[in-house]
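> need a 3D model of the following:
(one chain, ligands or ions: 3)
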Amino acid sequence: MQNDIQEILISEEEIQQRIRELGAQLSTEYAGRTPLVICVLKGAFIFMADLVKVITVPVEMDFMAVSSYGASTKSSGVVKIIKDLDASVEGRDVLIVEDIIDSGLTLSYLIEMLQGRNAASVTVVTLFDKPAGRTVSLEAAYTGFVIPDEFVVGYGLDYAEQYRNLPYVGVLKPEIYSK
Ligand code: PRP
Ligand code: MN
Ligand code: MG
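Ligands and ions are numbered 1, 2, ... in the order given. Have a look, this model is predicted:
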């Protein structure tokens with residue numbers, strides 16, 4: 001285990017098993033259709049890569065980069081678009097892939113934006129959900145794991161851009177972000 005990690009919350013095996021289940025459910029949901037799968041960079045890139053491999057319907061992919069946390073453990077409340085989508089979502093069945101929902105601000109902003117661009121449908125799959133952090137009411141159609149109100153890193157989730165490459169999700173030692 002990485003030295004800055006206090007405890008592993010969800011193991012690599014548990015994550016991979018749950019992603020296979022989500023992939024099977026999404027393949028049923030989108031049977032006969034070709035969804036446009038949107039990765040919310042950077043956090044969702046590892047989940048996206050593992051998830052699309054276990055979805056059996058044809059998919060197209062696009063990537064969008066937004067940021068609201070910066071180098072802090074608290075959301076700034078302002079969602080900044082760093083990179084927009086390459087293609088139009090008009091008339092498309094959009095599946096937004098997120099790593100985590102905390103306050104809900106990032107996704108509520110994105111959902112509204114994609115609906116405003118006339119997507120045919122907008123569905124959210126998030127690997128992690130931290131309901132205790134919510135400041136706007138929002139629920140994903142598909143959730144991997146509900147997690148407690150602790151600052152977690154790994155499997156795409158960062159603290160000041162580090163720890164995204166951990167294959168598991170862990171709780172960061174408090175001394176790392178309080179110093
Ligand atoms: C994190 C995370 C989600 C969002 C969730 O992204 O990846 O996108 O915050 O928080 P919210 O529900 O309170 O909006 P971040 O802004 O840290 O950018 P990153 O994905 O590049 O790390
Ligand atoms: Mn993110
Ligand atoms: Mg982040």
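> which stretches of the chain have low pLDDT?
69-76, 179 (pLDDT under 70).
> now do the helix or strand harbouring M113: which elements does it pack against?
M113 belongs to helix 105-116 when assigned by DSSP states H and E. Counting by 3 or more C-beta pairs under 8 Å, 6 or more residues apart in numbering; DSSP states H and E, the packing neighbours recorded for helix 105-116 are strand 36-41, strand 60-67, strand 93-101, strand 121-129. Yep, even glycine has a C-beta here, placed from its N, CA and C like the rest.
> got the contact list for stretch 170-179?
For stretch 170-179, contacts defined as C-beta atoms under 8 Å, 6 or more residues apart in numbering pick out 1-2, 4-9, 73, 150-154, 159, 163.
> enumerate every residue touching the residue of the chain found nearest ligand 1.
Evaluated by C-beta to the nearest ligand atom, the chain has G43 as its residue closest to ligand 1, separated by 2.6 Å. By C-beta under 8 Å, 6+ apart, the residues touching G43 are 98-100, 156-158, 164.
> let me see the contact set for D93.
Going by C-beta under 8 Å, 6+ apart, D93 touches 30, 33-36, 119-121, 123.
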